[in-house]
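Trainee: Just to be clear, the model below is a prediction. Sequence and coordinates:
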Amino acid sequence: GSGIAVVLLSLLPVGSLLLVAAGLALGTALLVAQSAEPDATLPVERAPKPALSGGLGLLSSDRYLLRVAVLVVTSTLAVLTLDYLFKSTAAARFPKSELGPFFARYYGAANTAALAVQLLVAGRMLRRFGVATALAVLPICLVAGSAGLLLMGGSFAVLLLTKGADGALRHSLHRVSSELLYLPLEPALRDRAKPLVDSVLARSAQAVGAGVLLVLASFGLGTVVVLSGVVIALALVWVVAAASIRRPYLALFRQSLGRGDESARVSLEDLDLAAAETVIEALSSPESARALAAMNLLADAKRSRLIPALILFHDREEVLLRALEVVPDAHRADW
């Protein structure tokens with residue numbers, strides 16, 4: 001999309017991109033409308049609409065969700081402030097006629113970097129270092145970049161690198177990590193909490209943040225020094241929230257294995273290293289539901305070889321029967 005914009009801007013004025021975008025949106029809508037007809041021979045299942053009941057009371061009553069909410073709010077405000085700083089600085093630096101091609105080239109590079117991170121880095125980093133560490137990568141980059149801005153007197157090159165880190169990481173590594181935070185929640189609670197936090201709370205934070213930026217700009221305080229300080233403060237809170245979420249995340253994941261319900265039906269590929277270790281640990285649990293959930297995860301991921309032969313010493317019959325179903329392998333001498 002950014003590449004197309006670069007080409008079009010060599011032929012058309014910036015305002016014409018609105019018409020191009022509208023045409024693409026309309027074409028997509030027509031394509032979806034033609035291909036989304038349900039099969040009349042199949043029964044149509046209507047999923048229940050997630051309820052937003054509970055509101056802020058839901059967050060205040062659940063310390064884990066409160067941590068998630070703090071992380072979402074601080075990250076939203078930090079990247080909003082950085083985005084305003086980046087665009088306002090670019091607008092002051094470049095002639096108006098050059099802004100369109102500059103932003104198109106920048107977003108092209110940022111989106112390409114995000115794709116590379118998504119394909120080559122995000123999964124490996126999550127599995128190796130865990131959700132909490134992955135969540136802390138972007139705010140640490142923002143702290144370092146904003147501190148560099150202060151030390152180097154608002155260098156545009158440093159600002160470009162800082163915003164580039166945001167563009168490369170926010171919609172790849174950070175987004176995947178944030179989605180995993182909802183994984184161990186009970187389905188009913190997840191259906192209530194996710195739209196509340198990701199939609200209502202995040203949009204409210206954007207509105208409040210935009211209002212604060214408007215006030216700062218109105219009083220001449222929208223400077224590099226002030227806004228960089230704001231980004232550093234928000235990003236530090238973000239790092240603390242990410243670091244504090246690891247223990248309750250793993251505790252909830254252990255509980256979801258113990259329930260043995262649909263909340264435990266996840267892909268092993270979705271798990272970070274600490275959660276995967278929790279799965280292996282659950283194999284030796286005296287609770288049959290937890291041991292069965294762990295075996296099912298490994299079996300679904302075709303990793304039955306990770307189930308040790310010691311599982312045959314489990315004292316629950318349903319665990320032994322399931323083990324005999326999923327594990328026997330001619331290449332395993334320990335069985």
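Mentor: On my side now, so go ahead. Numbering: from 1, shown residues only.
Trainee: Send me whichever strand or helix holds Q206 as CSV with only the CA atoms.
Mentor: Taking DSSP states H and E as the criterion, Q206 maps to helix 202-218. In CSV, the C-alpha atoms belonging to helix 202-218 read as follows (Å, rounded to 0.1, in the frame of the first residue of the first chain):
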residue,chain,number,x,y,z
ALA,A,202,-7.9,2.1,24.2
ARG,A,203,-10.1,4.5,22.3
SER,A,204,-10.8,6.5,25.4
ALA,A,205,-7.1,6.8,26.1
GLN,A,206,-6.5,8.0,22.5
ALA,A,207,-9.2,10.7,23.0
VAL,A,208,-7.8,11.8,26.3
GLY,A,209,-4.2,11.8,25.0
ALA,A,210,-5.2,13.8,21.9
GLY,A,211,-6.9,16.4,24.2
VAL,A,212,-3.8,16.7,26.3
LEU,A,213,-1.6,17.2,23.2
LEU,A,214,-4.0,19.9,22.0
VAL,A,215,-3.7,21.7,25.3
LEU,A,216,0.1,21.4,25.2
ALA,A,217,0.3,22.7,21.7
SER,A,218,-2.1,25.6,22.4
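Trainee: Go through that helix and flag the buried ones.
Mentor: Neighbour-count burial for helix 202-218, counted by 16 or more other Cβ atoms under 10 Å, picks out 202, 205, 209, 213, 216. All C-beta spots, glycine's among them, are computed from the backbone N, C-alpha and C.
Trainee: Of those residues, which pair is most distant in space?
Mentor: The span of these, defined through Cβ to Cβ, is set by A202 and L216 at 20.9 Å.
Trainee: model confidence over the helix holding Q206, on average?
Mentor: Averaging pLDDT along helix 202-218 yields 96.
Trainee: elements contacting it?
Mentor: Applying 3 or more Cβ pairs under 8 Å, 6 or more residues apart in numbering; DSSP states H and E, we find helix 202-218 packed against helix 63-93.
Trainee: what's the first-to-last distance across stretch 214-229?
Mentor: 17 Å (Cα to Cα, to the nearest Å).
Trainee: how far does it sit from the chain's center?
Mentor: The chain centroid and the centroid of stretch 214-229 are separated by 29 Å, computed with Cα atoms, centre = their mean, to the nearest Å.
Trainee: so S284 makes contact with D315?
Mentor: No. Judged on Cβ atoms under 8 Å, S284 makes no contact with D315 at a distance of 11.7 Å.
Trainee: before we move on, back to that, and the buried residues of helix 202-218, which is closest to F102?
Mentor: The closest of these to F102 turns out to be L213 (Cβ to Cβ; 21.3 Å).
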